[in-house]
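Trainee: Fold the following, please.
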Amino acid sequence: MNIGDKVRLIHSKEEGIITRFLKDNVVEVEIEAGFKLPVLRRELAVVSTNEKQFFKPVQPASNTEIAKQKEFKPTIKADKGIFLAFLPINDKSVAIYLVNNSDWHLPFSLTLNNGRIHVGLLGGVLRGKSTQKSNLELDIKEMEEWGSFSFQALYYTDGPFDERISLSKKMRVRTSSWVDHKKKAPLLDKEAYLYQLDSDEVEQAVAKPKEQEKKLVIDVNKLKEGMMEQKQSEVLPKNYEKPTQLVDLHIEELTKNHRLMGNAEMLELQINTFMNKFEQAIASGMDEITFIHGVGNGVLRQEIQKRLSGHKNVAWFEDAQKEKFGYGATRVKIK
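Mentor: Next comes the predicted model:
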C-alpha cells in the first residue's frame with residue numbers, strides 16, 4: 001500500500017486515494033470533493049487496476065430487458081399430479097406419503113385433525129418430481145377414526161410465472177371407498193391407496209328436484225318383524241374368544257394411532273380393553289388372568305383395581321410378579 005493507491009473502505013462504500021501515512025498505522029485518504037479522512041490501515045483494501053475487467057458494474061435493467069422477462073414462461077410440462085398416498089406396510093397398517101409428480105415446487109404443510117387433537121405429519125418444500133414420507137403410521141382397522149387430512153401449499157418455480165392460487169385441500173378417508181383408490185403410485189412405483197389433491201373434481205351433494213324425490217313408505221308389518229328378529233338375536237348367547245393369560249395394556253400395544261389421542265382417550269381405550277378381556281376370561285371359564293398396566297402415575301392401576309374390588313367373579317387380586325413388573329401388573333383370580 002503506497003501513496004497514490006486507490007483504496008476502498010472495508011466497512012463502507014467510500015473509495016479514495018492515499019495521500020499520506022500518519023502515526024499508529026493511520027492512513028490519510030482523500031475521498032470525493034477533496035475531503036480527507038484518517039483511517040486505520042486495516043480498514044482499507046487496495047482497489048486493483050484490473051478489477052473492472054473481471055467485475056462489471058451492475059446496471060439497472062432496461063425496459064427492453066424487463067419486457068423480455070415478462071414474456072418468459074417457465075417450463076412447466078407437468079402442471080398437475082399431487083397425491084396423498086397410503087402405502088401398505090402389511091395387512092394392518094399403512095405409511096403416509098406425499099407425491100409431487102408435477103414440475104412445481106411446493107412450500108407446504110400436511111396435518112391431521114381428529115376433532116380433538118391436531119398432528120403435524122409433514123412440512124417444508126416438496127420439490128417437483130419428488131416424494132416425502134411421514135414418520136406416522138396408521139392402523140387400517142381404525143380408518144374411520146383417523147380424522148381429516150389438511151393439505152396447504154403454494155406454487156413456486158424459478159423465474160417469472162403467472163400468479164397461481166394456493167392449493168388448499170381437506171379430506172377424509174372412508175372405508176367404503178378405500179379399495180376404489182388402490183392404484184400404482186407415481187414415482188413410488190408401488191401399489192398404494194392414492195388420493196389426488198389437485199384434482200378439479202369437487203365432491204358435493206346435489207339436491208334432487210322435488211318431483212324426482214321418492215316418497216318414504218313405511219311397511220308396519222315388516223317393521224314389526226324386524227324388531228322381533230332383533231330381540232331374538234339379542235337373547236342368543238355370544239361367542240367369547242378366550243384371551244391370553246397375560247394381557248398387555250400399554251397404549252402402543254393397543255393402537256398405532258396413540259399419537260393422535262389425548263391422555264383421557266388413551267386411558268379410556270385401556271380401561272375398555274381391560275373390561276373386554278376380563279369379561280372374555282370369565283365367560284370362557286379361565287381361572288386367572290394377569291394385566292400388565294405399567295407403573296406410570298398409577299392412574300390405570302387404580303382404575304383397574306377399583307373395578308376388581310367387590311366384583312362378584314373375583315376371588316382375589318394382587319400385584320403380579322413384582323420381581324419382573326414391580327407394581328406394573330395385576331393378577332386376578334377368577335371364581
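Trainee: shaky segments in the protein?
Mentor: Low-confidence segments of the chain, defined by pLDDT under 70, span residues 33, 49-75, 201-240, 321-327.
Trainee: Do a quick rundown of the helices in it.
Mentor: 51-54, 63-71, 220-235, 251-254, 263-283, 299-308, 322-325 (DSSP state H).
Trainee: residues in contact with the nearest residue to residue 281 once chain neighbours are set aside?
Mentor: Nearest residue to residue 281, sequence neighbours excluded (C-beta to C-beta, 6 or more residues apart in numbering): residue 289, at 4.4 Å. Every residue, glycine included, has its C-beta placed from N, CA and C. Going by C-beta atoms under 8 Å, 6 or more residues apart in numbering, residue 289 touches 243, 245, 246, 247, 277, 278, 281, 331, 332, 334.
Trainee: ok, the residue nearest to the first one when sequence neighbours are not counted - contacts?
Mentor: Of all residues beyond its chain neighbours, the one nearest residue 243 is residue 277 (4.5 Å), with distances taken as C-beta to C-beta, 6+ apart. Remark: with contacts taken as C-beta under 8 Å, 6+ apart, residue 277 is in contact with 243, 247, 289, 291.
Trainee: Residue 29 now?
Mentor: Taking C-beta under 8 Å, 6+ apart, one finds 7, 9, 16, 17, 18, 19, 36, 37, 38, 39, 44 in contact with residue 29.
Trainee: same thing but 6 Å
Mentor: Going by C-beta atoms under 6 Å, 6 or more residues apart in numbering, residue 29 touches 16, 18, 37, 39.
Trainee: Can you flag the buried ones in the residues you listed?
Mentor: Among the contacts of residue 29, those classed as buried by 16 or more other C-beta atoms under 10 Å are 16, 18, 39.
Trainee: And the last one, how far from residue 16?
Mentor: Just to be clear, that refers to residue 39. 9 Å (C-beta to C-beta, to the nearest Å).
Trainee: sorry, back to before: tell me the one of the contacts of residue 29 nearest residue 112?
Mentor: residue 39 (60.9 Å; C-beta to C-beta).
Trainee: Spit out the contact partners of residue 293.
Mentor: Counting by C-beta under 6 Å, 6+ apart, residue 293 has contacts 249, 300, 301.
Trainee: 8 Å - rerun?
Mentor: Contacts of residue 293 (C-beta under 8 Å, 6+ apart): 249, 250, 270, 274, 300, 301, 304, 328, 329, 330.
Trainee: Test my guess that the last one contacts residue 301.
Mentor: Yes. Look at residue 330 against residue 301 with C-beta atoms under 8 Å: they come within range, at 6.8 Å.
Trainee: Let me have the contacts of residue 293 in a markdown table, adding neighbour count as columns.
Mentor: Shown next, in a markdown table, are the contacts of residue 293 (neighbours: other C-beta atoms under 10 Å):
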| residue | neighbour count |
| --- | --- |
| 249 | 22 |
| 250 | 14 |
| 270 | 22 |
| 274 | 21 |
| 300 | 23 |
| 301 | 20 |
| 304 | 21 |
| 328 | 21 |
| 329 | 23 |
| 330 | 22 |
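Trainee: Would you mind checking which of the residues you listed is nearest to residue 173?
Mentor: residue 270 (25.7 Å).
Trainee: what about the nearest residue to the closest one once chain neighbours are set aside, distance to residue 144?
Mentor: Of all residues not flanking residue 270 in the chain, residue 249 sits nearest, at 4.9 Å (C-beta to C-beta, 6+ apart). Per C-beta to C-beta, residue 249 is found 23 Å from residue 144.
Trainee: can you pull the contacts of the residue sitting nearest the centre point of the chain?
Mentor: Central residue of the chain (C-alpha atoms, centre = their mean): residue 121, 0.8 Å from the mean position. With contact set as C-beta under 8 Å, 6+ apart, residue 121 has these partners: 96, 110, 111, 112, 134, 136, 149.
Trainee: And those, which is closest to residue 254?
Mentor: For the contacts of residue 121, the nearest to residue 254 is residue 136 (16.4 Å; C-beta to C-beta).
Trainee: quick one: the closest one and residue 189, what's the gap?
Mentor: When residue 136 is compared with residue 189 (using C-beta to C-beta), they lie 22 Å apart.
Trainee: more crowded one of these two?
Mentor: Remark: of residue 136 and residue 189, residue 136 carries more neighbours, 16 against 8, as counted by other C-beta atoms under 10 Å.
Trainee: sorry, back to before: residues that sit against both of residue 39 and residue 16, list them.
Mentor: Common contacts of residue 39 and residue 16 (C-beta under 8 Å, 6+ apart): 9, 29.
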